[in-house]
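S.K.: The amino acid sequence is not available; the structure is as follows:
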């Protein structure tokens, strides 16, 4: 079985400050890891993914994420948050030998001006 | 726009009604999905289709009936729903149901069952 945990329901930061959204996962094999963002009244949009290789992956809108195999984590980061980054963020994992994509419950990010 | 269009955006139905949700993708993808999104819960995978053939029925009640007439269109037929079925229903597509390609989501249909 595979699962994703996003331990924080909400994250609040001031504009210009660094933003981190936490994610830990559990899979039996090698993980494929994804981050998606959902703006109000919209579907999920793909931000970035980790398949293999460099542990630091860069994605859209200045976001990056670091894969840590020993801690089974894939935290999303942005060095300087914008008010427009306020949204709901989902982490997702898929076992490389499976096709099912499992999502976390989401973390609401609020960036205040 | 993600290239995945869902209609209607909002739907209110009684428990005895029959309605259908529609999804269309303009991306040339081979796989299509239905997900259920409830507040504060992980997205629930309901159905997966690959080239019009169902590859996953994730223990979904029979009151939800999917239909995939071709690789660009996906329907979710609803009948005798329960209030707990109220949620945002998301359609998604991807180039293949296998591998590591990301999913492209529509904006969803917000369903309220009275």
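M.R.: Nice, I can see it. Source: prediction; values computed, not measured.

S.K.: which residues sit in contact with the closest residue to chain B within chain A?
M.R.: The minimum distance from chain A to chain B, using Cβ to the nearest Cβ, falls at residue A:43 (3.3 Å). Where C-beta positions appear, they are placed from N, C-alpha and C, glycine not excepted. Contacts for residue A:43 (Cβ atoms under 8 Å, 6 or more residues apart in numbering or on different chains) come out as B:2, B:4, B:6, B:90, B:92, B:105-108.

S.K.: filter these by proximity to chain A?
M.R.: For chain A, the contacts drawn from the contacts of residue A:43 by Cβ under 8 Å from any Cβ of the partner chain are B:2, B:4, B:6, B:90, B:92, B:105-108.

S.K.: count of neighbours near the residue of chain B at minimum distance from chain A?
M.R.: Chain A sits closest to residue B:105 of chain B, with a gap of 3.3 Å, by Cβ to the nearest Cβ. Neighbour count of residue B:105, defined by other Cβ atoms under 10 Å in any protein chain shown: 24.

S.K.: Any idea what it is bridged to?
M.R.: residue B:92 (DSSP bridges).

S.K.: Could you verify my assumption that it touches residue B:4?
M.R.: Yes: here residue B:105 lies in contact with residue B:4, judged by Cβ atoms under 8 Å, at a distance of 6.2 Å.

S.K.: list the residues that contact both of the two?
M.R.: Residues touching both residue B:105 and residue B:4 by Cβ under 8 Å, 6+ apart: A:43, B:91-92.

S.K.: Using TSV, lay out the residues you listed together with pLDDT and distance to residue A:90.
M.R.: Shown next, in TSV, are these (pLDDT from 0 to 100; distance: Cβ to Cβ, whole Å):
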residue	pLDDT	distance to residue A:90
A:43	89	11
B:91	97	16
B:92	96	12
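
S.K.: For residue A:36, which non-adjacent residue is closest in space?
M.R.: With sequence-adjacent residues excluded and distances taken as Cβ to Cβ, 6 or more residues apart in numbering or on different chains, residue A:36 is closest to residue A:44, at 4.1 Å.

S.K.: Roughly how far does the one you found sit from residue A:108?
M.R.: 14 Å (Cβ to Cβ, to the nearest Å).

S.K.: same thing with residue A:49?
M.R.: Separation of residue A:49 from residue A:108 (Cβ to Cβ) stands at 22 Å.
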